[in-house]
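**Student:** Just a sequence and a predicted model for now, questions to come.
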Amino acid sequence: MKPQDLEKKTAAVASLEHVEDGMRLGLGSGSTSAAMVHALGARVREGLKVECAVPTSAETRAIAESYGIPIVTLDDVERLDLTIDGADEADPNLALIKGGGGALLHEKIVAAASDKFVVIADSSKLVDKLGAFKVPVEVLHFAARPVKTRIEGMGGQVSVRQRGDAPFVTEEGNLIYDCDFGLIDDPAELAELLGRIPGLVEHGLFVDMANVLIIARGEATEVHTR
């Protein structure tokens with residue numbers, strides 16, 4: 001197993017210490033979250049009782065269903081007890097950049113509907129300052145040009161995410177812009193400014209949302225809390 005894959009698995013397994021019998025869970029997307037869902041599924045087969053789970057992507061749903069984890073939507077439950085998800089970058093204040101896999105809208109909705117949000121990542125994802133990873137934003141097709149213009153006016157460099165020869169399209173049918181703002185001095189301020197742009201459906205800055213950040217270094221973990 002590659003060192004980074006080992007760390008993903010280590011963080012994923014460690015996060016299950018926060019899961020208790022009867023919980024309603026939110027399940028994140030991406031490779032680290034996939035490792036977590038596989039580990040959770042193994043626990044379920046050993047007897048752990050999960051009341052239900054809300055997946056944030058079709059890929060996560062497929063893994064959870066393969067283990068017999070009961071799947072629902074947010075129409076079926078008022079609140080979730082816990083969401084576990086990964087991050088593309090995390091800083092010491094638990095501000096995050098997410099959306100590298102394109103599921104940032106679902107991920108933010110599910111995290112916001114949870115009483116506790118645990119983030120898991122390998123050691124490469126912990127940074128002193130966010131911004132080496134471009135900030136993904138989900139954009140309506142109708143607003144593609146004006147949103148791009150507004151972001152460029154804020155100093156961001158915008159590229160349309162591609163899948164093969166065509167633009168990447170999210171599960172909600174929207175575009176993804178990957179926006180380079182350089183290193184971000186104030187993630188909260190940038191998040192607020194992005195949130196004001198009409199037609200920008202959601203952005204990948206998760207500020208003041210995570211309660212626990214589990215970083216794996218080799219087979220050991222370090223835990224950051226807010």
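**Tutor:** Now that the structure is in, tell me what you want to look at.

**Student:** Show the pLDDT at Glu78.
**Tutor:** In this prediction, Glu78 carries a pLDDT score of 89.

**Student:** Let me know the secondary structure of it.
**Tutor:** For Glu78, the assignment made with DSSP: H, G, I helix; E, B strand; the rest coil gives coil.

**Student:** From Gly100, how far off is it?
**Tutor:** Look at Glu78 and Gly100: by C-beta to C-beta, to the nearest Å, they are 30 Å apart. Glycine gets a C-beta too; all of them are placed from N, C-alpha and C.

**Student:** And these two? Which one has more around it.
**Tutor:** Neighbours were counted for Glu78 and for Gly100 using other C-beta atoms under 10 Å; Gly100 has more, 21 against 8.

**Student:** Output the longest helix along the chain as PDB, restricted to C-alpha atoms.
**Tutor:** When the chain is parsed with DSSP state H, its longest helix is helix 31-45. Below are the C-alpha coordinates for helix 31-45, written out as PDB (Å, rounded to 0.1, in the frame of the first residue of the first chain):
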ATOM      1  CA  SER A  31     -11.000   8.400  -1.900                       C
ATOM      2  CA  THR A  32     -10.600   9.000   1.900                       C
ATOM      3  CA  SER A  33     -14.300   8.900   2.500                       C
ATOM      4  CA  ALA A  34     -14.500   5.800   0.400                       C
ATOM      5  CA  ALA A  35     -12.000   4.200   2.700                       C
ATOM      6  CA  MET A  36     -14.200   5.300   5.700                       C
ATOM      7  CA  VAL A  37     -17.400   3.800   4.200                       C
ATOM      8  CA  HIS A  38     -15.600   0.500   3.600                       C
ATOM      9  CA  ALA A  39     -14.400   0.500   7.200                       C
ATOM     10  CA  LEU A  40     -17.900   1.400   8.400                       C
ATOM     11  CA  GLY A  41     -19.400  -1.300   6.300                       C
ATOM     12  CA  ALA A  42     -17.100  -3.900   7.900                       C
ATOM     13  CA  ARG A  43     -18.300  -2.700  11.300                       C
ATOM     14  CA  VAL A  44     -21.900  -2.900  10.300                       C
ATOM     15  CA  ARG A  45     -21.400  -6.500   9.200                       C
END
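
**Student:** tell me what it is packed against?
**Tutor:** helix 3-15, strand 23-27, helix 58-66, strand 82-85, strand 117-122 (3 or more C-beta pairs under 8 Å, 6 or more residues apart in numbering; DSSP states H and E).

**Student:** Now render those as a markdown table, adding distance to Ile197.
**Tutor:** Shown next, in a markdown table, are those (distance: least, C-beta to C-beta, whole Å):
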| stretch | distance to Ile197 |
| --- | --- |
| helix 3-15 | 33 |
| strand 23-27 | 26 |
| helix 58-66 | 27 |
| strand 82-85 | 24 |
| strand 117-122 | 25 |
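
**Student:** Which of the helices or strands spans Ile215?
**Tutor:** Using DSSP states H and E, the element containing Ile215 is strand 212-217.

**Student:** Only alpha carbons, please: show that strand as CSV.
**Tutor:** Taking Å, rounded to 0.1, in the frame of the first residue of the first chain, the C-alpha atoms of strand 212-217 are listed here in CSV:
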residue,chain,number,x,y,z
VAL,A,212,-12.9,17.6,14.5
LEU,A,213,-10.0,17.1,12.0
ILE,A,214,-8.2,13.8,12.0
ILE,A,215,-4.8,13.9,10.2
ALA,A,216,-3.0,10.6,9.7
ARG,A,217,0.8,10.5,9.7
